[in-house]
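[1] got a sequence here, can you model it:
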Amino acid sequence: MANGSQLDKLLKEAKKQLEDGIDGDKKAVRGANMKLLRLRETNPGNALVLAYYGSSLALLARDAVKLSEKEEKANEGLEALNRAVQLSPNHKEIRMLRASVCLRLPDDYFGSLAIAIEDFTYLLDRHAEHAGYLAPKQLKEVASHLATAYREAGMSAKALQTEQRFSNGKK
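    Numbers count the residues shown, from 1 in each chain. Modelled structure (predicted):
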């Protein structure tokens, strides 16, 4: 098991690679996945590591050529993200990761919009209970993503309501 500072350092490196991967660097995605796989093996109960590992699998799915590999990696990623939320249901970063991944997966195949809506709503509810729970940029992003999820789920009225509620800095 990695000590706290070593774990934080390695996780920070993997997160940076994931950010590069989100921007299209496939090599960075593979590197992050390998780092996170090792971290998961040495820190099996760490929900945040598991969540980032799941996110890396979703990016591998995005980049895969074969449909069967896309499906396999996406399902593995969702399983890891769901398990991370089970382990730490109140962890903001884990909820944001799962919601973001679920928003980007094709709902007609994975049925993931309901999970994205659940997580984005959870985050906004916590913010309503505790002002400052989300930074202003996070609040705007979460509200925008929730509206997008509602719209993609065919819930246009809820999307509009969310946009109106959070426009102009309102909470």
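[2] L37: what's it in contact with?
    Neighbouring residues of L37 by C-beta atoms under 8 Å, 6 or more residues apart in numbering: Y53. Every residue, glycine included, has its C-beta placed from N, CA and C.
[3] repeat that for 10 Å
    A14, V49, Y53, S56, L57 (C-beta atoms under 10 Å, 6 or more residues apart in numbering).
[4] pLDDT on the helix or strand containing it, on average?
    For L37, the element it lies in under DSSP states H and E is helix 26-42. What helix 26-42 shows for mean pLDDT is 95.
[5] what comes up buried for it?
    A28, V29, R30, G31, A32, N33, K35, L36, L39, R40 (16 or more other C-beta atoms under 10 Å).
[6] other SSEs contacting the longest helix along the chain?
    Determined from DSSP state H, the single longest helix within the chain is helix 67-87. Under the contact definition 3 or more C-beta pairs under 10 Å, 6 or more residues apart in numbering; DSSP states H and E, helix 67-87 sits against helix 26-42, helix 47-63, helix 92-104, helix 107-110, helix 113-129.
[7] using CSV, write down the CA coordinates of that helix.
    Only the C-alpha atoms of helix 67-87 are listed here, as CSV (Å, rounded to 0.1, in the frame of the first residue of the first chain):
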residue,chain,number,x,y,z
LEU,A,67,-17.1,-2.4,-30.9
SER,A,68,-16.7,-5.4,-28.6
GLU,A,69,-13.7,-3.7,-26.9
LYS,A,70,-15.6,-0.4,-26.6
GLU,A,71,-18.5,-2.2,-24.9
GLU,A,72,-16.3,-4.2,-22.6
LYS,A,73,-14.2,-1.3,-21.4
ALA,A,74,-17.2,1.0,-21.0
ASN,A,75,-19.0,-1.6,-18.9
GLU,A,76,-15.9,-2.2,-16.8
GLY,A,77,-15.6,1.5,-16.3
LEU,A,78,-19.2,1.9,-15.2
GLU,A,79,-18.8,-1.0,-12.8
ALA,A,80,-15.7,0.6,-11.2
LEU,A,81,-17.4,4.0,-11.0
ASN,A,82,-20.6,2.5,-9.4
ARG,A,83,-18.5,0.5,-6.9
ALA,A,84,-16.6,3.7,-6.0
VAL,A,85,-19.9,5.5,-5.3
GLN,A,86,-21.0,2.5,-3.2
LEU,A,87,-17.7,2.7,-1.2
